[in-house]
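> Have a look at this prediction, sequence included:
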Amino acid sequence: MQRRLIPSNIKNSHWLEIAETLSVLGSIGGSLVCVVSQQVAFASIPLSLAVALNLVNRKQLIDGIQQSHQTAIAQSVQEKIETQTKFEMLTEQVAQVKQLTTTLGQDMNNLQDYSKSLNNEQTKIAELVDYLQKIETYTQTVRINPQYAEAYYNRGVVYQCLGDKQGAIGDYTEAIRNNPSYAQAYHNRGLIRADLGDKKGAVTDLREAAKYFFEEADIANYHTARDLSKKIHELSVQPTTEVPQQAAVKYLFS
């Protein structure tokens, strides 16, 4: 069991009340004795003492109450200051958490962008590896069968996709040498020649392509090759020329 602590001012007021009561009783008794013995002058002394003790008791009690109030007010002010300080700290921590959340969100977006970029790079690498494997396969094929026009053509298409225009022209030329009526080889070689500025060679190849497409009854490609040859021929006689290449991809790996 814990002992209940009693404030010192309450203890002091308690003993002062006892002393006051005793002094009053004593003063009354003394006064009666003095009156009986006809000593009136001395009868007032105990009463004066009682009044003085009463005043001292009341003053100390009031001072104690005021001190208690001041202590309570000081404690309340201190608690308010501490509460305000804690509130400000919590506000700052909340702001830091919000900033951290924003930073994490930005980092997450950056990570997603990097992941997307990495996936794109991986796709490009996979495509490049696939092209290189195809080149190796077609190279092995023409080593075994140097007259296989289809292998030269397919390898030329891969070179064209990789941007190796001279390599593509070389393979299309070999495909045509082994198959003089190879319409698509003429067509692709004509597009590359036009891109390199060889307008005359481009027109010649596209006309040959149109002729062999017509012989194969491939009317759609016949019109495409014929129209391209006409347009390139018309542009070749103008001061500034721009070579159309819109049909290049259509024939890749066909």
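In hand now; what should we look at?
> Do a quick rundown of the helices in the stretch 101-250 of the chain.
Per DSSP state H, counting those that start in this stretch, the stretch 101-250 of the chain carries helices over the ranges 149-162, 165-178, 183-195, 199-215, 219-236.
> Switch the ones you listed over to TSV; also include mean neighbour count.
All C-beta atoms are positioned from the backbone trio N, CA, C, and that covers glycine. Formatted as TSV, the helices of the stretch 101-250 of the chain follow (neighbours: other Cβ atoms under 10 Å):
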stretch	mean neighbour count
helix 149-162	22
helix 165-178	20
helix 183-195	26
helix 199-215	20
helix 219-236	17
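> I'd like the ones you listed written out as JSON lines, with mean pLDDT and distance to T141 added.
Shown next, in JSON lines, are the helices of the stretch 101-250 of the chain (pLDDT from 0 to 100; distance: least, Cβ to Cβ, whole Å):
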{"stretch": "helix 149-162", "mean pLDDT": "97", "distance to T141": "4"}
{"stretch": "helix 165-178", "mean pLDDT": "97", "distance to T141": "12"}
{"stretch": "helix 183-195", "mean pLDDT": "97", "distance to T141": "16"}
{"stretch": "helix 199-215", "mean pLDDT": "96", "distance to T141": "23"}
{"stretch": "helix 219-236", "mean pLDDT": "93", "distance to T141": "25"}
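> wait, which of those is closest to F87?
helix 149-162 (66.5 Å; Cβ to Cβ).
> before we move on, the earlier item: to G64, which of the helices of the stretch 101-250 of the chain lies closest?
helix 149-162 (99.8 Å).
> now the angle from the closest one to helix 165-178?
What separates the directions of helix 149-162 and helix 165-178 is an angle of 160 degrees, with axes from the mean of the first three to the mean of the last three Cα atoms, to 10 degrees.
> can you offset everything so residue one is 30?
With the count now opening at 30, the last piece we talked about shows up as helix 178-191.
> Quick check on K115: phi, psi?
Note on K115: its backbone torsions stand at phi -60, psi -40 [degrees, to the nearest 10].
> Now do it against E121, distance only.
11 Å (Cβ to Cβ, to the nearest Å).
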